[in-house]
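Enquirer: with the sequence up front, the predicted model follows.
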Amino acid sequence: MTEAADDGGSRRARPDRRTWIQSDRRIPRRIARPLREFLDIEAAGGVVLLAATVASLILANSPAGDSIASFWEEELTVLEFGDFQLTETLGHWVNDGLMAIFFFVVGLEIKRELVTGDLRDPRRAALPAIAAVGGMVLPAALFLVFNLGGNGSRGWGIPMATDIAFAVGVMALLGDRVPSPLKVFLLTLAIVDDIGAIAVIAIFYSEGLSFGWLTIA
């Protein structure tokens, strides 16, 4: 509470309008505010991604690796209605659930560029799309050249995909040193490449397409 003077010269209490994170309590002062300031830094996402990658590699190759792998195979039910259950492994929720949110956020960024940014010009938008197609076709062709006729030839779709999360993380790590047009180009290329790779997996490596869920999506 703070005090303020009224017209009669007396002082009356005025409610403190600061939020919890702005307060002088120990947790906001020592943990919450420093954490928020760190996350406000553009490179924070890249730092967290690289740190998590290094930690994952160390843990996966440690004696605890098997236990960690088993942990991600644990099942989690997020929705249950009558006989219907939406149950998947923790690894599946991360890979297919949280990554869907990630793609949604990146897609919004690309949409903004298409509407008001550098990709408004169809010729500019076509360049990263063509580059992405080339980035899919060439690795697949090279894979077939070295594996044609062998048992591994069916894996031609594996080298087509890029890792958009790492692309975004590296750009975030570099911060303002990466020009905005280059960021847009790389994001567009990575998204088109991933969409193409997902389409290849769905068409050539799955048992069938669920058009009902595809329509809902």
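Expert: Perfect, thanks for sending it.
Enquirer: and residue 77, what are its phi and psi?
Expert: phi -100, psi 120 (degrees, to the nearest 10).
Enquirer: and it, bridged to which residues?
Expert: Assessed by DSSP bridges, residue 77 has beta-bridge partners residue 87.
Enquirer: what is the neighbour count of it?
Expert: By other Cβ atoms under 10 Å, the residues close to residue 77 number 9. The way it works is simple: take the backbone N, C-alpha and C, and place the C-beta from them, glycine included.
Enquirer: what do you get for residue 193?
Expert: 24.
Enquirer: same check, this time on residue 200
Expert: For residue 200, the neighbour count with other Cβ under 10 Å is 17.
Enquirer: residue 71 contacts residue 90, doesn't it?
Expert: Yes: counting by Cβ atoms under 8 Å, residue 71 touches residue 90, with 6.9 Å between them.
Enquirer: which other residues reach the helix or strand encompassing residue 54?
Expert: Residue 54 is located in helix 44-60, with elements delineated by DSSP states H and E. By Cβ atoms under 8 Å, 6 or more residues apart in numbering, the list of residues contacting helix 44-60 from outside reads 38, 65, 68-69, 165-166, 168-174.
Enquirer: mind listing what's buried in that helix?
Expert: 44-46, 49 (16 or more other Cβ atoms under 10 Å).
Enquirer: right, and the helix or strand after it?
Expert: helix 65-72.
Enquirer: could I get the pLDDT score of residue 63?
Expert: At residue 63, the model reports a pLDDT of 90.
Enquirer: burial measure for residue 102, as a count.
Expert: Per other Cβ under 10 Å, the neighbour tally for residue 102 reads 13.
Enquirer: how close does it sit to residue 198?
Expert: Applying Cβ to Cβ, to the nearest Å, the value for residue 102 to residue 198 is 14 Å.
Enquirer: sweet, I'm off.
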